[in-house]
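**Q** Okay, structure incoming, though there's no sequence with it:
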């Protein structure tokens, strides 16, 4: 199972162009330590652990393969933990099936192939939950000590991992107080709170501006989140998978209802635990969206292991289990292989297009300054005789003495982008244009002013 999961995550690892966020990760990894520290303190503390690990990788290479390697390793390492957690919560069969379903889950495969901290956060979140369950069932100071450390690493890999820690605490509401190891649990909570405190400060003072682009919560986004967890957005296969997942989850609800009447409080808590993990982060972000939109499917990937665990548990209870699991695996593999050809943003071909046509005296301007980061990632990896000179705007003073101006528009379809394109087109003659996934490029001859 693990070798097959590794195969799916290494397959076509370099096929997709890096997109903006991946390029930002690489840019942070190349910064000097003082610059990097300034970024963490004032601009982007989310995924700090991932950025630190990536800084250890880039000295050996910064190709698409190398910068995505951490995520591949983290993704593969998550599977044995899924097995152990499923076995501890339910039984060996559920654990095996949960690990199998996660190995072919398109959402997990996709984010295990990105130079971002999501796969790493999922690994730490899953280990944190495994240690939490183990600490409740077999309390020991060693287990709770590791729990405090891993939980802090999870939050510093992605802030939304903190919502899973809240879910863990809420799950204790279904457990009798006498079964809660109060001293080691509260000690671990205190230690992890101290370790997480810098992230809390950053969220309070800086983070809201990082999610101001998130749209208000809607039923469409709830649906997108469900398809995202089931198949990372694959259309037909994704909807079929979601339907099968909903069947399995409904069976899990019935199983949970039966366990609620069981004599063993620990059995009840084990069944409820995954539901808290799945639903609490979604409920918290949905309620929080009343004030600040924060319900976004990609951030809620921290719920993916719980989703898979509950689906696996439901599938083991179906009468036509073999048929259902086979259908699930086939649809999942279809979604995985379709994902290999889906590119978020095609900066690789966009840069090739520009550099292959750049002439001496050309300049380039980016409609949004941050889009220069992915452009420069590929520009620095391309040998050519001419590189366009950066300018800070498309006005006459900036392009004076230049022959032609390349303008890179990203993101697309915003009113500001349309207005900017119209303004430049009113000044200079457009002599070439090309569109790539997520990127639009126009070449203007500034010598032919209108």
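**A** Happy to help now that I have it. If you're wondering where the values come from, they're calculated on a predicted model, not measured in any experiment.
**Q** Can you pull out the low-pLDDT segments for the stretch 201-350 of the chain?
**A** By pLDDT under 70, the low-scoring segments of the stretch 201-350 of the chain are 207-209, 259-263.
**Q** can you map out the strands along the chain?
**A** Here the chain has its strands, by DSSP state E, at 362-366, 389-390, 404-409, 428-436, 439-449.
**Q** weakest of those strands in terms of mean pLDDT?
**A** Mean pLDDT is lowest for strand 439-449 among those, at a mean of 86.
**Q** thinking again about what came up before, would you convert the strands of the chain into JSON lines that also reports mean neighbour count and distance to residue 33?
**A** Yep, even glycine has a C-beta here, placed from its N, CA and C like the rest. Listed next are the strands of the chain as JSON lines, based on neighbours: other C-beta atoms under 10 Å; distance: least, C-beta to C-beta, whole Å:
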{"stretch": "strand 362-366", "mean neighbour count": "21", "distance to residue 33": "27"}
{"stretch": "strand 389-390", "mean neighbour count": "14", "distance to residue 33": "26"}
{"stretch": "strand 404-409", "mean neighbour count": "23", "distance to residue 33": "30"}
{"stretch": "strand 428-436", "mean neighbour count": "15", "distance to residue 33": "35"}
{"stretch": "strand 439-449", "mean neighbour count": "18", "distance to residue 33": "32"}
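**Q** So what's the residue count around the residue lying closest to residue 66 once chain neighbours are set aside?
**A** Distance criterion C-beta to C-beta, 6 or more residues apart in numbering; nearest residue to residue 66, sequence neighbours excluded, is residue 57 at 5.9 Å. Number of residues near residue 57 (other C-beta atoms under 10 Å) recorded here: 17.
**Q** Check the one 4 residues further on too.
**A** In terms of burial, residue 61 registers 11 neighbours under the definition other C-beta under 10 Å.
**Q** before we move on, what about the one 3 residues further on?
**A** As a burial measure, residue 64 scores 22 neighbours (other C-beta under 10 Å).
**Q** If we ignore the residues flanking it in sequence, what's nearest it?
**A** Nearest non-adjacent residue to residue 64 (C-beta to C-beta, 6+ apart): residue 14, at 4.2 Å.
**Q** show me where the stretch 101-250 of the chain has helices.
**A** With helices called from DSSP state H, counting those that start in this stretch, the stretch 101-250 of the chain shows them at 106-111, 118-137, 141-157, 161-171, 182-205, 219-231, 236-260.
**Q** So for stretch 178-190, what gets flagged as buried?
**A** Within stretch 178-190, the residues scored as buried using 16 or more other C-beta atoms under 10 Å are 181, 184, 185, 188, 189.
**Q** Could I get these in JSON lines, plus columns for pLDDT?
**A** Below are the buried residues of stretch 178-190 laid out as JSON lines (pLDDT from 0 to 100):
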{"residue": "181", "pLDDT": "91"}
{"residue": "184", "pLDDT": "93"}
{"residue": "185", "pLDDT": "93"}
{"residue": "188", "pLDDT": "95"}
{"residue": "189", "pLDDT": "94"}
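**Q** thinking again about what came up before, adding distance to residue 95, write the helices of the stretch 101-250 of the chain out as a markdown table.
**A** Converted to a markdown table, the helices of the stretch 101-250 of the chain look like this (distance: least, C-beta to C-beta, whole Å):
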| stretch | distance to residue 95 |
| --- | --- |
| helix 106-111 | 16 |
| helix 118-137 | 11 |
| helix 141-157 | 19 |
| helix 161-171 | 19 |
| helix 182-205 | 24 |
| helix 219-231 | 19 |
| helix 236-260 | 15 |
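**Q** Deepest-packed of those helices, please.
**A** With neighbours taken as mean count of other C-beta atoms under 10 Å, these reach their highest mean count in helix 106-111, at a mean of 27.
**Q** Could you list the domains of this structure?
**A** For the chain, the structural domains run 2-339, 347-449, going by automatic domain parsing.
**Q** closest one to residue 163 among the strands of the chain?
**A** strand 439-449 (33.2 Å; C-beta to C-beta).
**Q** Quick check: can you name the pairing partners of that closest one and their directions?
**A** strand 404-409 (antiparallel), strand 428-436 (antiparallel) (DSSP bridges).
**Q** now these as a markdown table including distance to residue 149?
**A** Putting these into a markdown table (distance: least, C-beta to C-beta, whole Å) gives the following:
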| stretch | distance to residue 149 |
| --- | --- |
| strand 404-409 | 43 |
| strand 428-436 | 43 |
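**Q** for these, which one sits closest to residue 274?
**A** Residue 274 lies closest, by C-beta to C-beta, to one member of the strands paired with strand 439-449: strand 428-436, at 41.4 Å.
**Q** Kindly reformat the strands of the chain as JSON lines containing distance to residue 45.
**A** Shown next, in JSON lines, are the strands of the chain (distance: least, C-beta to C-beta, whole Å):
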{"stretch": "strand 362-366", "distance to residue 45": "25"}
{"stretch": "strand 389-390", "distance to residue 45": "28"}
{"stretch": "strand 404-409", "distance to residue 45": "28"}
{"stretch": "strand 428-436", "distance to residue 45": "32"}
{"stretch": "strand 439-449", "distance to residue 45": "28"}
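**Q** nearest to residue 270, of those strands?
**A** strand 439-449 (48.4 Å).
**Q** what is the orientation angle of the closest one with strand 362-366?
**A** With axes from the mean of the first three to the mean of the last three C-alpha atoms, to 10 degrees defining the directions, strand 439-449 sits at 130 degrees from strand 362-366.
**Q** Can you give the contact residues for strand 439-449?
**A** If you take C-beta atoms under 8 Å, 6 or more residues apart in numbering as the criterion, strand 439-449 is touched by 345-347, 350, 353-354, 357, 371, 394, 399, 402-410, 412, 417, 421, 424-425, 427-435.
**Q** Give me the distance from that strand to the chain's centre.
**A** 36 Å (C-alpha atoms, centre = their mean, to the nearest Å).
**Q** cool, stretch 26-33 as well?
**A** On C-alpha atoms, centre = their mean, the centre of stretch 26-33 falls 20 Å from that of its chain.
**Q** Nearest residue to the residue sitting nearest the centre point of the chain in space, ignoring adjacent ones along the chain?
**A** What sits nearest the mean C-alpha location of the chain, by C-alpha atoms, centre = their mean, is residue 118, with 3.9 Å. Here the nearest residue to residue 118 in space, its sequence neighbours aside, is residue 111; by C-beta to C-beta, 6+ apart that works out to 4.2 Å.
**Q** Contact partners for that neighbour?
**A** Taking C-beta under 8 Å, 6+ apart, one finds 71, 75, 118, 119, 122, 301 in contact with residue 111.
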